[in-house]
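Student: here is a sequence with its predicted model. Questions after.
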Amino acid sequence: MPAINRFADLHQEITAWRRDIHAHPELQFDVERTADLVAKKLREFGVDEVVTGIGKTGVVGVIKGKANSSNKVIALRADMDALPILEKTGVEYQSTVQGKMHACGHDGHTAMLLGAAKYLAEERQFDGTVVVIFQPAEEGGGGAKVMIDDGMMDRFGIQEVYGMHNMPGMPIGHFATNPSSLMASADTFTINIEGKGGHAAKPHGCIDPAIVVMQLMQSIQTITSRNINPLESLVISVTQIHMGDTDNVIPQQAYMNGTVRTLNEESRELAEQRLLEICEHIGKAHGAVAQLEYVRGYPVTVNHADQTQFAVEVASELVGATAVNANRAPLMGAEDFSYMLEARPGSFVFIGQGDTAGLHHPEYDFNDDIIPVGCSYWVKLAETAMPV
């Protein structure tokens, strides 16, 4: 697997960092231990500036190039947080915190960017500035947006931003991306239904919320099948239904919850509007009230064409063009790097993790074999973008 030779020497050390982070998972913004480790390492490496507390617990490092005659500034981002999942890997460095684990590989992302920062601070074979971003709360907390709202982009003069995520099922060390919508938006909806409860033997005296729920379930699925162009992508999944406490009472209320995933803003707008109309009219048709609460989450992850072409060229030079898929089909999962791509031009890529358990699975573990190529990608990206 092609990589910068220096990372063969550093591989064991970077793996040790990764496994230490893995054994001590932290959730969302509560990543104090991980952030402290990152900041300590960056200072040890001789990074020019290390700033903590950006976006609550984020860490930013600034590395100046050897020549430093250009004003170009690019940022490389890794996420630090884990997931509320009980780990079942059985590895010797398994999570020491009950009910928390690194089930998405953010431990590996952090370790690879630390390895790249060490090399870049040692060699400085670029003309400009590299900003390394270690972000909290990718898993549901929108840490990227919080760091941006904290002034990160302007404070450090970031002009372009790049991200990377491991991908189970892709060959080890291969890369994949596309120059447009790579991952979906992620919104949530809640429908609160108010009927009229009563004795189950007298349904004619009640307004049964179960009937409303069934009608809503059927109608919601027609949004994708009958309102969206078949060539577009929209997923609406109802994931929770709650009502009733016993067998002989028609309940007064019911509750539904779910997610909406789209790959463009037009479909997103339409889905929200149709959900609102369906709830209003089906509720009214049954004499009930179906109240929709729609919460917008992460936006669509939209790569910028020029930066993505550049990322593809760098990856192809590193691992060979046959190991880089430049037109990967979009995923309906979401990623808060989307906020950074709204703020600055950039690109997000996947790196192959091999045949492992899937992301967010209790048996998932980051594949340490990809560390050298992941670190090398970061370094080549910086050195190629800002040649001496």
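Tutor: Received the coordinates, thanks. Please read these numbers as outputs of a predicted model, since none were measured by experiment.

Student: helices or strands up against the lengthiest helix in the chain?
Tutor: Identified as the longest helix of the chain according to DSSP state H is helix 265-285. Here helix 265-285 is seen to pack against strand 187-194, helix 209-222, strand 234-243, strand 253-262, strand 289-295 when contacts are counted using 3 or more CB pairs under 8 Å, 6 or more residues apart in numbering; DSSP states H and E. From N, CA and C alone the C-beta is placed, and that goes for glycine too.

Student: that helix: which residues count as buried?
Tutor: 267-268, 270-272, 274-275, 278-279, 282-283 (16 or more other CB atoms under 10 Å).

Student: any idea how far Gly287 is from Ala357?
Tutor: To Ala357, Gly287 is 49 Å away according to CB to CB, to the nearest Å.

Student: so how far is Gln240 from Val260?
Tutor: Separation of Val260 from Gln240 (CB to CB) stands at 14 Å.

Student: do Ala16 as well
Tutor: From Ala16 to Gln240 the distance is 41 Å (CB to CB).

Student: same list (the buried residues of helix 265-285) but as TSV, adding distance to Met112.
Tutor: Output for the buried residues of helix 265-285, formatted as TSV (distance: CB to CB, whole Å):
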residue	distance to Met112
Ser267	34
Arg268	32
Leu270	39
Ala271	36
Glu272	37
Arg274	42
Leu275	40
Ile278	45
Cys279	45
Ile282	50
Gly283	50
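
Student: nearest to Val388, of the residues you listed?
Tutor: Proximity of those to Val388 (CB to CB) peaks at Arg268, which lies at 43.9 Å.

Student: that closest one and Tyr119, how far apart?
Tutor: From Arg268 across to Tyr119, the span is 40 Å (CB to CB).

Student: in contact with the residue nearest the centre of the chain, which residues?
Tutor: The centroid of the chain falls nearest to Glu335 when counting by CA atoms, centre = their mean (2.8 Å). Each residue near Glu335 by CB atoms under 8 Å, 6 or more residues apart in numbering is listed here: 138, 163, 165, 183, 298, 301, 348.

Student: hmm, 7 Å instead?
Tutor: 183, 298, 301, 348 (CB atoms under 7 Å, 6 or more residues apart in numbering).

Student: can you put those residues in CSV and add secondary structure and neighbour count?
Tutor: Formatted as CSV, these follow (DSSP: H, G, I helix; E, B strand; the rest coil; neighbours: other CB atoms under 10 Å):
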residue, secondary structure, neighbour count
Met183, strand, 25
Tyr298, coil, 23
Thr301, strand, 26
Phe348, strand, 26
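
Student: what about stretch 173-192, distance to the chain center?
Tutor: Averaging C-alpha positions (CA atoms, centre = their mean, to the nearest Å) puts stretch 173-192 8 Å from its chain's average.

Student: measure it end to end?
Tutor: 47 Å (CA to CA, to the nearest Å).

Student: cool, and stretch 238-254?
Tutor: Taking CA to CA, stretch 238-254 runs 13 Å from one end to the other.

Student: do the same with stretch 93-105
Tutor: Its start and end residues considered, stretch 93-105 measures 14 Å (CA to CA).

Student: report the buried residues of that stretch.
Tutor: Within stretch 93-105, the residues that count as buried by 16+ other CB under 10 Å are 93, 95, 100-105.

Student: pick the one among those residues closest to Ala343.
Tutor: Nearest to Ala343 among the buried residues of stretch 93-105: Cys104, at 22.7 Å, using CB to CB.

Student: helix or strand for that closest one, which one?
Tutor: Assigned by DSSP states H and E, Cys104 falls within no helix or strand.

Student: which of Ala16 and Gln240 has more neighbours?
Tutor: Neighbours were counted for Ala16 and for Gln240 using other CB atoms under 10 Å; Ala16 has more, 13 against 9.

Student: check which helix or strand covers the more buried one.
Tutor: Per DSSP H and E, Ala16 falls inside helix 5-23.

Student: just checking, next helix/strand downstream of that helix?
Tutor: helix 32-45.

Student: angle of that next one against helix 5-23?
Tutor: With axes from the mean of the first three to the mean of the last three CA atoms, to 10 degrees applied, the angle from helix 32-45 to helix 5-23 works out at 160 degrees.

Student: send me helix 32-45 as PDB with only the CA atoms.
Tutor: Extracted C-alpha coordinates of helix 32-45, given in PDB (Å, rounded to 0.1, in the frame of the first residue of the first chain):
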ATOM      1  CA  GLU A  32     -12.000  16.800  27.300                       C
ATOM      2  CA  ARG A  33      -9.600  13.900  27.600                       C
ATOM      3  CA  THR A  34      -9.200  13.500  23.900                       C
ATOM      4  CA  ALA A  35      -8.900  17.200  23.300                       C
ATOM      5  CA  ASP A  36      -6.200  17.500  26.000                       C
ATOM      6  CA  LEU A  37      -4.300  14.600  24.400                       C
ATOM      7  CA  VAL A  38      -4.500  16.200  20.900                       C
ATOM      8  CA  ALA A  39      -3.400  19.600  22.200                       C
ATOM      9  CA  LYS A  40      -0.500  18.100  24.100                       C
ATOM     10  CA  LYS A  41       0.700  16.100  21.100                       C
ATOM     11  CA  LEU A  42       0.500  19.200  18.800                       C
ATOM     12  CA  ARG A  43       2.600  21.200  21.200                       C
ATOM     13  CA  GLU A  44       5.100  18.300  21.400                       C
ATOM     14  CA  PHE A  45       5.300  18.300  17.600                       C
END
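
Student: all good on my end, thank you.
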